[in-house]
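# Sequence first, predicted coordinates after that:
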Amino acid sequence: MGLAVLVLPCILASMDMSVMFVTLPSLSADLQPSSSQQLWITDSYGFLLAGLLITMGTLGDRIGRRRVLLTGAAAFGLASVLAAYSTSPEMLIATRALMGIAGASLAPSTLSLIRNMFLDERQRATAVGVWTAGFAGGAVVGPIIGGQCRRTARQNAHIVDVRS
């Protein structure tokens, strides 16, 4: 059960990397972003997520991994809701950036909590494998969910993060 709780945030974080590729055409029709804004809409999340991984891991070491995980998950959910109801390209870029910052807190804190939960080397290796599969699975599922969301409304692409 504990492993499932740790894998879920990483599935959502990795899913958000790929969901935007499918939903961008509908977003472009609704928000009318320029070509450079479209790039920032898709890339701001990944840039901040990747760029802040080490920083968030250090923050988790200093103030507590569970605290960083819970704060990051709450911020990720809130930013997802804000992204779903963005009224301008600038607002969407800003909320995607917030999602990237919050998402950067999820991977290091979940992995370090797995390290603490599974003391047996064999169990830990299995748990890290499940975590990695969840992270990769989220990236695979993202375009599928994005395609389904595109059929209904653009807001659903980000609301999925909150519902899960």
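Received, thanks. Residues are numbered from 1 along each chain as shown.

# quick one, helices of this structure?
Along the chain, counting by DSSP state H, helices occupy 2-31, 35-51, 53-63, 65-84, 89-117, 121-152, 156-163.

# since we're on the spatially closest residue to Ala104 that is not a sequence neighbour, how many residues are nearby?
Leaving aside its chain neighbours, Ala104 sits nearest to Leu52 (3.7 Å; criterion: Cβ to Cβ, 6 or more residues apart in numbering). Just so you know, the C-beta spots here come from the backbone N, C-alpha and C atoms, and that holds for glycine as well. A count of nearby residues for Leu52, using other Cβ atoms under 10 Å, gives 18.

# Likewise for Pro89?
Number of residues near Pro89 (other Cβ under 10 Å) recorded here: 20.

# In contact with the residue lying closest to Leu3 once chain neighbours are set aside, which residues are there?
Nearest residue to Leu3, sequence neighbours excluded (Cβ to Cβ, 6+ apart): Ala127, at 5.5 Å. Going by Cβ atoms under 8 Å, 6 or more residues apart in numbering, Ala127 touches Leu3, Ile114, Met117, Phe118.

# And for Leu52?
Leu52 makes contact with Gly100, Ile101, Ala104, Ser105 under the criterion Cβ under 8 Å, 6+ apart.

# Is it possible to get CSV of those residues that adds pLDDT, neighbour count and distance to Phe76?
Formatted as CSV, the contacts of Leu52 follow (pLDDT from 0 to 100; neighbours: other Cβ atoms under 10 Å; distance: Cβ to Cβ, whole Å):
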residue, pLDDT, neighbour count, distance to Phe76
Gly100, 96, 24, 9
Ile101, 97, 20, 9
Ala104, 95, 26, 10
Ser105, 95, 29, 8
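
# and which of the residues you listed is nearest Val68?
Relative to Val68, the closest of these is Ser105; by Cβ to Cβ it sits at 5.0 Å.

# Is the closest one in contact with Thr71, as I believe?
Yes - under the contact definition of Cβ atoms under 8 Å, Ser105 touches Thr71, with a separation of 6.9 Å.
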